[in-house]
Structure formats: C-alpha cells, structure tokens
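Participant: got a sequence here, can you build the structure:
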Amino acid sequence: MTEPTSPSQNASQTGTSQDEVAQGSRRHSAPVVDGPGKAASRAMLRAVGFNDEDFKKPQVGVASTWSMVTPCNSHIGELAELAREGADAAGGKGVVFNTITISDGIANGTEGMKYSLVSREVIADSIETVAGCEGFDGLVAIGGCDKNMPGCVMGLARLDRPSVFVYGGTIMPGKGHTDIVSVFEAMGAHSRGDMDLIELKQIEETAIPGPGSCGGMYTANTMASAIEALGMSLPGSSAQNAISQEKRDDCKAAGEAVLELLKADIKPSDIMTRQAFENAITVIIALGGSTNAVLHLIGMARTIGVELTLSDFTEIGKRVPVVADLRPSGHYMMSELVAIGGIQPLMKILLEAGLLHGDCLTVTGKTLAENLANVEPYPMDQSIIAPLDQPIKAQSHLRILYGNLAPEGAVAKITGKEGTRFSGPARVFGSEEEAQARINDGTVVAGDVVVIRYEGPKGGPGMREMLTPTSAIMGRGLGNDVALITDGRFSGGSHGFVVGHVAPEAFEGGPLGLVENGDLITIDADADTIDIDVSDDEMARRQSQWQQPAPRYTRGVLAKYARHVSSASTGAVTDQDD
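Facilitator: Numbering: from 1, shown residues only. Modelled structure (predicted):
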C-alpha cells in the first residue's frame, strides 16, 4: 500500500506551499487527514469509500434532512446524493450526513408541536457539531419542512465555511386545488356540521399527493424565498417543484458551487450582510410571506452577527407592497408561481424599482444584480404577481404592533381582507388545547378576541403554531368576526385577524398573563398598536398578585430549551451572548 502523502508532499505536487495548503481550500480537512500522525483518521475514512486521491481533495459535507417523517423531506435523500455527486465532479470529496426533521403538519394541535421550534436549534447544533468535528471545508445543506431552512442556515452561519443552501422544493396541488390547510379547514367545517365524514376523508386522502413542502406561501416557501434573496441559494432554488429535473440539477450545481466558493474563499459572512437581510425582508413582504419569517430572519441575523430588529420590518414594510396573490390569503400555490418563472422575475422588478440592494454578493460568486441581469419577465397574461403600482396591499402585511399588551412587540399578518382594526372582549385560554375545545363547542362567538397564552418560547415551551385553532375559526365561519392573539406563533397557513409573538410572553410576567375575560382589547394595524382597556393601576394590582406557573417540563430537551431560549422579539435563539 502506498504511504499517504504529507502536507508538504501534497504542496509540491500542486505547486503551492504547505502554508498555502493549510490556509486554502483544505484548511479544515488537512489537519484531520494529512500526515503520518493522522493514519487512524484515514483508516476510518477508507472504510466509507475514501482512497488516496480523496485525501488530497477539499471535503464537502452534505447535510441531508431526509426522513420519512414528512412528505416535505421524504425525497431529500436522493437530492443529497446528487449534491455529493456535484461536489465530486468539481474536484471535491462529498460526504453525506444527516440531521433531523419534524413535521409541523403532523404535530399541529398536539403536545408534540412544542418540539417544532426547538428542532431549528437542534438542526443548527447538529450541523455545527458534525462539520466542526469532521473538518469539512465546505457545506451543502438541503432542507424541506419549515424549521429545516433557518436551522440549516444558522448552522452554516455558525461555521462560516463556504456553503450553499438547497431547498427541497414545493409539493404539487392536491385534488381540487387542495393542500394541507384545506384539510385543517375541512376539520373546522366538520366540527361546525357543514361537512360530513365522507367529504372530510376525501380531502384527507387527496390533498397531499406526494413529496414536497406545503404548497402555499406558507413558512417553507417563505423561508426558501428569503434564503434565495439573501444570496445563500443558487438562483431559482426556492421556486422548483420537489419532483423535477430542475431540482435535481439544482442539487448537483450546489455541490459544484461550493468548490468555486472555496477557491474564492467566499463564506456566509461575506454574503449574509445587513443589506442582504434587507433584501430577504423585501422579497417576503412582496410575496405575502409567513410571520415566522420575522422570527427566523432575526435568529439567522443574530447568528451571523448582523443587527436586525422588529423595527426593520416596519421600516422596510412602509415602502414595499404585497404583490403576490398566493395562499393562504390569496388564490395561487407555489407550483403555479414556479410555472411562470418563480421569484427571479419578481426580484428583478424589485431591483429595477430600487427596492433591492443589487451589489450584494451571492453563492454564485456574482452579485444579485448580475444574477438577475438576463432574467426574463413574467408572461403578459399571468395573474399571480400584480404590478408594483397596482398592488394587492400598498404596504407590508407583516405588522409589528406595540402597546400595553406587547411592550416588546408582537407580529401580525394583516392582508387587509380581514380589515385593519378589531376591538372586542377577551376570551382567555391558558393553552392551545383549551382554546380549541371552546372554539369547537361554540363558546367562542363573533366579536371575541381569543387570547391563548403560556405558549411562548419559555412558557410552552417551544412557541407552538396556532394553525389548528385558526383553521377551526375559519372552518366555523368566524374568520372575519374573531381575532386571535397569542405569545405562541402561527403557521404560514394561518389567516384571519391574528397576532402572535406577543412579548414579553405571559410566562415571563408579560401583560398577556394579566388579561381577564371580558377585558376590551383593541388591535389597530394602521397605528400598529395592541392595547388592553384597563387602567395602569389595575394592571399593577394584577401584576402584584400574579405568580409564575410551574414549568411544564423539568427534564429533557424542552426543559433545556426553556432555560436557554431568548424572547421571540430577539429571534428565540439559544446561542445568544451571555
């Protein structure tokens, strides 16, 4: 057997010095595999397919979120192999490894949903852990379901090695133009008596026809679009069907792109700048994206060291209109946007209007403006994307509200279809399950402001999405007549007059924990306020009598998360500075 070469031997063969090898494209893998003292490392890697030549190549870790847990990720195993092949073909050595996923669509409305936001942190932790341990020089991360995407990007940001994120792609529509939200709303219609079990089962059986992420501009498609606008995905990655040749090509190209990034030494910190985050916010507003983007973009920015706050969404939202007629508030699905060109033509429109920073660097090694230069416009007869001067909503649908109920802020998704102001008596519940039961049995009536508290990052713990109660409200025909506020979150599929991320959360002594049944609550999305009509003296009296509930979990990952997680207003991250 030939003795493996030392770093100095490798350098002589390539015409570079040992220092250049150490500081170049193998700066992380060389200390793991080079030289006689690393024979044990090489022996282990030979057993998984490395040969002598492979030890001289930059190693590219491919983080796969494959799992049969959810259709969002059930096809990603094959995509990961394609990314590995792309890295190999470009002169690297691809190594596939796995991280986790959970399914919001399955867990919604159950205790299991408390693990959803936690999984974002676990994904980031695991990518950092594997890549840091194994010495990967560059990375590809492939995500599908909601938390995969910010979790992957946060992991890449922590490592700050040349990296590309790949979106697993969107699902196709179900029979009758249905999707997962159609099922949740059918459940509400059944509880009201407007749909029998046979109809409900028919929707259940046909709404999810195969692999891919949920089909509207829900959180998965929102975050995929945001990450492409951020510059961390190849052009077009966010708007491809999960099962398509375009998505297969995207994965191979991502593996190849990492080798080019290694040559140029372009890292996430070079791409994920303040201006790039402003681009991401602009695009998700134009698309009518999920409220979860606020939480995730702030978390991603904090991870890479960029200052981003709730007020940035307000300021950018003043100049950016909503132009996409996409679900949940609109009519079309992501697959239909894919068919007319995806988000690239929209980004070119926004750039030409002066709403995007065109000089931001991207994973192509080119600027955003250079990537968009040759993009063709949308077809003339399309009706999914409105002109900027005839928008669906003139300003952002993502409203950051403040007031005596939310001193640190709250996040609302107000499209205008549900109105911009709601005032009514509080109907208070201490958990999602309690609220769901009272919606279904008719206790919640038109005019109510449903308050669901102790569902925040620490109090839940885990900040559950309230898709089940909001869908029940819609299914019972109360979508225009009931508001819902919570220190939890909302699914990207939620719509109606909804306000989440109320901070400080009830468990931390926030005002939401002091609300009583019948208190008048007013939400004003024009003035961006959320207030309770109770005197300061009375609120102080209630505060003096309030006692923090016992933690719902004292051991395990949920307890650990609750001890470390930050406020929703700062991204609900767990690796914050002390």
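
Participant: shouldn't residue 540 be within a helix?
Facilitator: Yes - per DSSP: H, G, I helix; E, B strand; the rest coil, residue 540 lies within a helix segment.

Participant: read off the pLDDT value for it.
Facilitator: In this model, residue 540 is scored at 97, pLDDT.

Participant: what is the neighbour count of it?
Facilitator: 10 (other C-beta atoms under 10 Å). The C-beta positions use only the backbone N, C-alpha and C, and glycine is treated the same way.

Participant: for residue 417, see how far away it is.
Facilitator: 38 Å (C-beta to C-beta, to the nearest Å).

Participant: how about residue 28?
Facilitator: Taking C-beta to C-beta, one finds residue 28 at 50 Å from residue 417.

Participant: more neighbours: which of these two?
Facilitator: residue 28 (20 against 15).

Participant: disregarding residues adjacent in the polypeptide, which is nearest to that one?
Facilitator: What sits nearest to residue 28 in space, not counting adjacent residues and going by C-beta to C-beta, 6 or more residues apart in numbering, is residue 135, at 4.5 Å.

Participant: again with residue 175
Facilitator: Nearest in space to residue 175, with sequence neighbours left out and distances taken as C-beta to C-beta, 6+ apart, is residue 206 at 3.8 Å.

Participant: my guess is the one you found contacts residue 179. True?
Facilitator: No - assessed by C-beta atoms under 8 Å, residue 206 is found out of contact with residue 179, at 10.5 Å.

Participant: more neighbours: those two, which one.
Facilitator: Each of residue 206 and residue 179 has its neighbours counted (other C-beta under 10 Å); residue 179 has more, 25 against 15.

Participant: number of residues surrounding the residue nearest to that one when sequence neighbours are not counted?
Facilitator: Spatial nearest neighbour of residue 179, excluding adjacent residues (C-beta to C-beta, 6+ apart): residue 215 at 4.3 Å. By other C-beta under 10 Å, 31 other residues sit near residue 215.

Participant: quick check: mean pLDDT across stretch 414-421?
Facilitator: Stretch 414-421 comes out at a mean pLDDT of 84.

Participant: can you give me the end-to-end span of it?
Facilitator: 10 Å (C-alpha to C-alpha, to the nearest Å).

Participant: what's the residue nearest to residue 175 sitting at in phi/psi?
Facilitator: Phi and psi for residue 206, reported as degrees, to the nearest 10, are phi -120, psi -10.

Participant: how about residue 361?
Facilitator: Torsion angles, degrees, to the nearest 10, at residue 361: phi -70, psi 150.

Participant: do you know how far it is from residue 62?
Facilitator: Taken as C-beta to C-beta, the span from residue 361 to residue 62 is 23 Å.

Participant: with residue 504 instead?
Facilitator: 40 Å.

Participant: name the residue in those two with the higher neighbour count.
Facilitator: Per other C-beta under 10 Å, whichever of residue 504 and residue 62 has more neighbours is residue 62, with 29 against 21.

Participant: what secondary structure does the more buried one sit in?
Facilitator: Counting by three-state DSSP, the backbone at residue 62 sits in strand.

Participant: residue 450 against residue 481, yeah?
Facilitator: No - the pair residue 450 / residue 481 is not scored as a contact, 11.2 Å apart, by C-beta under 8 Å.

Participant: neighbour-wise, which of those two wins?
Facilitator: Neighbours were counted for residue 450 and for residue 481 using other C-beta under 10 Å; residue 450 has more, 26 against 18.

Participant: doesn't residue 412 belong to a strand?
Facilitator: Yes - Residue 412: assigned to a strand according to three-state DSSP.

Participant: hey, what's it bridged with?
Facilitator: Counting by DSSP bridges, residue 412 is bridged to residue 399, residue 499.

Participant: correct me if wrong: it contacts residue 310.
Facilitator: No - with contact defined as C-beta under 8 Å, residue 412 does not reach residue 310; the gap is 11.6 Å.

Participant: quick check: neighbours shared by the two?
Facilitator: Residues touching both residue 412 and residue 310 by C-beta atoms under 8 Å, 6 or more residues apart in numbering: residue 400.

Participant: neighbour count: these two, which is higher?
Facilitator: residue 412 (25 against 22).

Participant: now do the contacts for the more buried one.
Facilitator: Counting by C-beta under 8 Å, 6+ apart, residue 412 has contacts 291, 398, 399, 400, 401, 498, 499, 500, 523, 525, 530.

Participant: how about a cut-off of 10 Å?
Facilitator: Residues counted as contacts of residue 412 (C-beta atoms under 10 Å, 6 or more residues apart in numbering) are 291, 397-401, 406, 420, 483, 485, 490, 497-502, 523, 525, 528, 530.

Participant: buried residues in the helix or strand hosting residue 116, which are they?
Facilitator: Assigned by DSSP states H and E, residue 116 belongs to helix 116-134. Neighbour counts over helix 116-134 (16 or more other C-beta atoms under 10 Å) mark 116-128, 130-131, 134 as buried.

Participant: run me through the strand neighbours of the helix or strand following that helix, direction for each.
Facilitator: Downstream of helix 116-134, the next assigned helix or strand under DSSP H and E is strand 138-143. Here strand 138-143 has these sheet partners by DSSP bridges: strand 59-64 (parallel), strand 163-167 (parallel).
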